[in-house]
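Trainee: What shape does this take:
(chains A and B)
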Amino acid sequence: MSLEQLETGDEVDQFDSRFLPICASMILSNDFPFEFFERKGMSNFMKVLNPNIVLPPKDVIEAYVSDLYMKEKLKLKQELATIPNRISLTFDLWESNTAETYICLTAHFVDADWKLNSKVLNFCVALPTVAEMCERMVEFLSDWGIEKKIFSLTLEDSFKNNILQEQLKSHLALQNGLLCDGEFFHVHCFARVLKLIVEEGLKVVSGVVSKIRESILFVRDSKSRRQKFKECVKKVGGIDSSVRLHMDMSMTLNSTSLMLDSALKYRRVFESFHLYDGDYVSCPSAKEWKRVEKICAFMLPFRETANMINGATHPTSNLYFLQVWKVQCVLVDSLGDEDEVIARMAKRMMGNFKKYWDEYSVVLAMGAVLDPRMKLSRLADCYSKLDPSTCEPKLRKVKTKLYMLFDKYSGKSTSSGTQTTVHGQSSIMPLQKNSESSSHGLFDVSSYIFFELTILLLSVLNLFNVFAFFFTCEIQ
Amino acid sequence: MDHQQLVTETEKSQLDVYLDESDMDFLCNEDMDVLQWWKSNNDRYPDLSIMACDLLSVPITTVASDFEFCMGSRVFNKYKDLMLPMDVETRICTRSWLYNFVSDGNLCKFECVCVCLYIYIYIYIYDSVVLITTGQIHC
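Mentor: Reported below is the predicted structural model:
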C-alpha cells in the first residue's frame, strides 16, 4: 500500500510504518546509534536495494523506543508484582566519559515459567555519595513496587558499598520487607574477590611469571626473531603451532593464566631458542618450567569459575557452590605442595579466600541443598573432603539456617498456599502469553517475514547489478 | 498420593520430606535444570519451591554477562551521542528487557548480512574505508 503511495508520489516523505519496529529493534539489539539509518552509507545502500525507500527519521525512532520503554516497564512491573517469589538485586557503578557516575540496578528472579531472569531495572546518574545512592535505591524500589519483595543484594566489596548496603538493609527492615531481619541480604561480588585472590597468589610467583612475559616479548620483538622462533618450532617438532602465544593484560582475570598456558605449550621451543640465540637470557630454568606447569594446573578451577561468571547466562546458585568448592579444594591440596613457592602462594590465597568465604558460603550451600541432586548428603561429602573435623558443625549451621528460613516461608502456607495454586494454574497462563507476545509483539511477525524476504530478494537481484557495475568499472 | 501423605503427616514439614527423600544421581542428571525440577514438584512442595526460587536466583557477581569482564568502575563511551542520561536509561533498560543483551539469532543474521553488504558495497563503489567504524556486528 505504501509502495503505491510512494509511486504515485502523494506522500513522498511518508515512511512505511512497518519499517519502524524493525529499525528500532535493529538499533536496540545491536546497540547502533539512533541516526544509523540516516548515515550516508546506509541510506545509499538502501537506495541501491530500493530507490523509493523512505526510512523513518531519527527522532521518530527515538520516540518509538521511548514509547516501547514505557510499555515494557509497565509489563515488567506487573510481572514483578505477580510472581510469588522474591527478587535478588545486583548493584554496580559505571562511569561515563563525562566522568558522571551511573548506578546500575539489576533484578534477578524466577519468572512464571520458572526460568531465571536478569533485567536491568534502572541505569541512571547519581552523585557518588552513599546518602544519595541509598536514597535513589529506595526511590527505585518503591517505584517498582518491590521494596517488600527483596531477597538479597549483591555488590562489590568496598567501604562505601558496605555502608550503602547497611543503610538500605535497615531501611528495608524497618518496613518489614526482609526475611530473618536481613540475615541473607548482603552478598559480596565473588568476581571481585576472585580477582583479588588470584592477584595475591601471582605476587608470590611474580619472578617466573615475568620471565615468561619477557620471553614472549623477546620473541615477538622483531621480525627476524619471530622467524628464528618459527624455525625452532619446526626443528623441535610435535608442537601444536595453532596455539598462539598470549600476552597478559592486567584488566582481565584469566589473561596471566592463559599466557602461562600458551608459553608452556612452547616450552621446548623456548629452551632450544635459548641455545640458538645468546641474547635471550630470560628463559626459565627446568625447575621454573615445572613451577609454571603447577601454576597452570592450580589456576584451572579459577579459570573455570571466571568463565562461568563471565558466561552468557547467569547460572543458578547451586552451581556456584560446587565451583567455589573446587577452588577451595585446589587451595587446600596445594597448601602442602612440595614446591615451597607454590605452597606459599596457596597459603596467601587461602587467607583471602577464607575472609570472604566464611562469611557467606551458607547462602550458596543452602542453594546447593535445594538442588535435588546434592541435598545434605553430598554437601557433607564436599565439606568432609575439605576438612572432616569441621564438617559436622558446618552442616549443622546450614541445616539450622535452612529451617530458620523455611519457617518464614511455611508461615505463609495457609494464606499464600492458595495464592500459589492460583498462581500455578491461572495466572501463569496469561503471563506466559504475555511473555510470548512480548518477544514478537515488538514487530508484527508476518510483516517482518515479508519484509525480510523482500529485502533478501531485492538484495540478491541488486547484487547482480552491483557486481556487474563493479566488474565493468574494473574492466574500464 | 504424595500430597495426601503430606496432609496426613502434618508434623513433617515440606523441608523434612524433601530432605528425607533419596538424592537423584548427580552424574546421570548432570545437565538438569534445577528450576524445572522445582516447577514439576511445585504441587508437592508449594512453599519450599518458592524458597528454592529465591535461594537459587541469588547472583554472586555484579558483572552483567554482555559487558566486559573488567573490574572496578567501567567506562562506557558508546553513548556519546546520547546527551541526556534519561536516554541512556531508556536504551539500556529496553535492550535488557527485550533482548537480554543478546540479539535474536534470526534477526541478527539478517542484520549481519545487511551490514556486511553495506560495508562491502560502500568500500568498493565509493572507495571509502571510514564507514567500517560505524557499526559493530554482534553475532
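
Trainee: Now do the phi/psi pair for A:V281.
Mentor: For A:V281, the backbone dihedrals are phi -110, psi -10 (criterion: degrees, to the nearest 10).

Trainee: burial count for it?
Mentor: Taking other C-beta atoms under 10 Å in any protein chain shown as the neighbour definition, A:V281 ends up with a count of 11. C-beta coordinates here come from the backbone N, C-alpha and C atoms, glycine included.

Trainee: distance of it from chain B?
Mentor: Computed with C-beta to the nearest C-beta, to the nearest Å, the distance linking A:V281 and chain B is 34 Å.

Trainee: Tell me how many other residues surround A:T400.
Mentor: So A:T400, with other C-beta under 10 Å, has 11 neighbours.

Trainee: I'd like to know how far it sits from A:D371.
Mentor: In this structure, A:T400 and A:D371 are 19 Å apart, going by C-beta to C-beta, to the nearest Å.

Trainee: where are the low-confidence patches of the chain?
Mentor: Using chain A here. Residues of chain A that meet the criterion pLDDT under 70 lie in A:1-13, A:97, A:250-253, A:310-314, A:359-360, A:411-476.

Trainee: Chain B, not that one
Mentor: B:1-11, B:63-85, B:101-139.

Trainee: which residues touch whatever helix or strand A:N162 lives in?
Mentor: With secondary structure defined by DSSP states H and E, A:N162 is part of helix A:159-174. Counting by C-beta atoms under 8 Å, 6 or more residues apart in numbering or on different chains, helix A:159-174 makes contact with A:91, A:128, A:130, A:133-134, A:137-138, A:141, A:147, A:150, A:153, A:155, A:178, A:181-182, A:185-186, all of which sit outside it.

Trainee: try 6 Å this time
Mentor: A:130, A:133-134, A:137-138, A:153, A:155, A:178, A:181-182, A:185-186 (C-beta atoms under 6 Å, 6 or more residues apart in numbering or on different chains).

Trainee: what does the stretch 51-200 of chain A put close to chain B?
Mentor: The stretch 51-200 of chain A comes close to chain B at residues A:66, A:68-69, A:72, A:84-86, A:88, A:90, A:92-95, A:97, A:108-110, A:114, A:116, A:119-120, A:123-125, A:151-152, A:154, A:189-192, A:195, as judged by C-beta under 6 Å from any C-beta of the partner chain.

Trainee: Keep only those of those residues that are in strands.
Mentor: With strands identified by DSSP state E, the entries of those that belong to them are A:88, A:90, A:92-95, A:108-110, A:116, A:119-120, A:123-125, A:151-152, A:154.

Trainee: In helices, which of the contacts of helix A:159-174 appear?
Mentor: Assigned to helices by DSSP state H, the following of the contacts of helix A:159-174 qualify: A:130, A:133-134, A:137-138.

Trainee: with those residues in mind, which one is nearest to A:V332?
Mentor: Sorting the ones in helices among the contacts of helix A:159-174 by how near they are to A:V332, with C-beta to C-beta, puts A:V130 at the top with 37.4 Å.

Trainee: What is the burial count for that closest one?
Mentor: Close neighbours of A:V130, defined as other C-beta under 10 Å, add up to 18.

Trainee: State the distance from it to A:N161.
Mentor: 9 Å.

Trainee: Could you give me the PyMOL syntax to select whichever of the contacts of helix A:159-174 are buried?
Mentor: Per 16 or more other C-beta atoms under 10 Å in any protein chain shown, the buried members of the contacts of helix A:159-174 correspond to this PyMOL selection:
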select buried, chain A and resi 130+133+134+137+138+153+155+178+182+185+186
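
Trainee: Rebuild the contacts of helix A:159-174 as a markdown table, extending it with distance to A:N30.
Mentor: Written out in a markdown table, the entries for these read as follows (distance: C-beta to C-beta, whole Å):
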| residue | distance to A:N30 |
| --- | --- |
| A:V130 | 36 |
| A:M133 | 31 |
| A:C134 | 35 |
| A:M137 | 31 |
| A:V138 | 35 |
| A:L153 | 31 |
| A:L155 | 30 |
| A:L178 | 39 |
| A:D181 | 45 |
| A:G182 | 40 |
| A:F185 | 37 |
| A:H186 | 36 |
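
Trainee: Sort out which one of the contacts of helix A:159-174 lies nearest A:V281 for me.
Mentor: Nearest to A:V281 among the contacts of helix A:159-174, with distances taken as C-beta to C-beta, is A:L155, at 46.3 Å.
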